[in-house]
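Asker: Everything below, folded, please.
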Amino acid sequence: MATVSKALILAAGLGTRMLPATKAVPKEMLPIVDRPLIQYAVEEAVAAGIEEVVFVIAEGKEAIREHFGSATRADAHATAKGDADLIDLVRRPAGLARFDWAFQDEPKGIAHAVACARPYLEGEPFALIFPDDLILSRRSCVAQLVEAYEQTQGSVIAVHAVAPEEIPQYGIVDPVGGGNPARLRGVVEKPRVEDAPSTLGIVGRYILSATIFEHIDRIPPGKNGELQITDALMSQIAAGEVVSGLQYEGQRYDTGRPLGYLVAQVAAAMARPELARPARERLALLLGEGA
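Answerer: The predicted structure is shown next:
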């Protein structure tokens, strides 16, 4: 049985919804408390037993590569000081996993971005992670998906219940029965509320089975000439392959929007034992002042 030992993290987007903060800083490098957003994604993957992480980046995303390297000014400073705790803190990102890098020259859709990493991933299942979605949970969301993959031996999509008015903002899955994971008969991209087959929306975490690149090769470009991963998953379903949806345990925060990013900051702080109490006290004062 094929095991999931690699993860693909997509980090080539422009982050236009967070401008001007992302004008010169990659959106994935925006901090959540004291770690960049993309480090949370890597740590989530590593907690699932992932040993190798492949990043798809674009021009202007060099800071991501530097963060997971070991020859920065911060590394030199920590070494010169001889502070063991500081050295460990600065070196930790580079030691989380093995890293590889692929480039997407122009935005042609999610499936196109996945295909850019083909040389590193073809022939085996892998986790696909969108770092904009910060998922805080007691157990790594990727670990939950890996377990579902081992059970189903097919692609698995992370899903959660969404409010009816939010349905047009999501890809919505069409499950067979009420199991968890549940086999899917289809995926509908941003349907009208009345056309939605369920209220289960797709979140930026997947396990893609080893045939996914064959199906990316088969799908035609869609709107704006882009290749979408949902179309490749639908191709898998049409071919009789197992594709499932998993309602994961945890809370997802959309950090690609200012309000979601703000809420994620608070949630991440509250999940830290050393910060939870003082953060709660400061927030109570702030909210009291605004009453």
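Asker: Mind splitting the protein into its structural domains?
Answerer: Domain segmentation of the chain under automatic domain parsing yields 6-151+203-241, 257-291.
Asker: Show me the helices in this structure, by range?
Answerer: Chain-ordered helices for the chain, with DSSP state H as the definition, fall at 37-46, 62-67, 73-81, 84-91, 110-116, 118-121, 141-152, 212-218, 229-238, 258-270, 273-290.
Asker: can you list those helices in TSV and add mean pLDDT?
Answerer: As requested, those are exported to TSV (pLDDT from 0 to 100):
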stretch	mean pLDDT
helix 37-46	98
helix 62-67	94
helix 73-81	85
helix 84-91	87
helix 110-116	97
helix 118-121	97
helix 141-152	97
helix 212-218	97
helix 229-238	96
helix 258-270	96
helix 273-290	89
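Asker: Mind putting these into a markdown table with mean neighbour count and distance to Leu10?
Answerer: From N, CA and C alone the C-beta is placed, and that goes for glycine too. Below are these laid out as a markdown table (neighbours: other C-beta atoms under 10 Å; distance: least, C-beta to C-beta, whole Å):
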| stretch | mean neighbour count | distance to Leu10 |
| --- | --- | --- |
| helix 37-46 | 24 | 10 |
| helix 62-67 | 16 | 11 |
| helix 73-81 | 12 | 26 |
| helix 84-91 | 13 | 25 |
| helix 110-116 | 23 | 5 |
| helix 118-121 | 16 | 13 |
| helix 141-152 | 21 | 14 |
| helix 212-218 | 18 | 14 |
| helix 229-238 | 21 | 10 |
| helix 258-270 | 16 | 18 |
| helix 273-290 | 10 | 29 |
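Asker: possible to save the ones you listed as TSV with distance to Ala21?
Answerer: Compiled in TSV, the helices of the chain are given as follows (distance: least, C-beta to C-beta, whole Å):
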stretch	distance to Ala21
helix 37-46	12
helix 62-67	13
helix 73-81	21
helix 84-91	24
helix 110-116	22
helix 118-121	30
helix 141-152	26
helix 212-218	32
helix 229-238	27
helix 258-270	9
helix 273-290	22
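Asker: For Tyr170, which of the domains of the chain is the nearest?
Answerer: Smallest distance to Tyr170 across the domains of the chain (C-beta to C-beta): 8.7 Å, for domain 6-151+203-241.
Asker: got the end-to-end distance for that closest one?
Answerer: From its first residue to its last, domain 6-151+203-241 covers 21 Å (C-alpha to C-alpha, to the nearest Å).
Asker: how far out from the middle of the chain is it?
Answerer: 6 Å (C-alpha atoms, centre = their mean, to the nearest Å).
Asker: nearest to Arg252, of the helices of the chain?
Answerer: helix 141-152 (8.2 Å).
Asker: so what's Ser155 up against?
Answerer: With contacts taken as C-beta atoms under 8 Å, 6 or more residues apart in numbering, Ser155 has the following neighbours: Tyr149, Tyr206, Ile207, Leu208, Ser209, Ile212, Leu233, Gln236, Glu241, Val242, Val243, Ser244.
Asker: Gly154 against Gly240, yeah?
Answerer: No: with contact defined as C-beta atoms under 8 Å, Gly154 and Gly240 do not form a contacting pair (10.2 Å).
Asker: Show me which of those two is the more surrounded one.
Answerer: Neighbours of Gly154 and Gly240, each counted by other C-beta atoms under 10 Å, are more numerous for Gly154; the result is 21 against 6.
Asker: Spatially nearest residue to the more buried one, not counting backbone neighbours?
Answerer: Setting aside the residues directly before and after it, Gly154 is nearest to Val242 in space (C-beta to C-beta, 6 or more residues apart in numbering), at 2.9 Å.
Asker: can you count the residues close to that neighbour?
Answerer: Once other C-beta under 10 Å is used to define contacts, Val242 is seen to have 16 neighbours.
Asker: I'd say it and Arg183 touch.
Answerer: Yes: with contacts counted by C-beta under 8 Å, Val242 reaches Arg183, the gap being 6.2 Å.
Asker: Need the overlap of contacts for these two.
Answerer: Contact criterion C-beta under 8 Å, 6+ apart; residues shared by Val242 and Arg183: Thr152.
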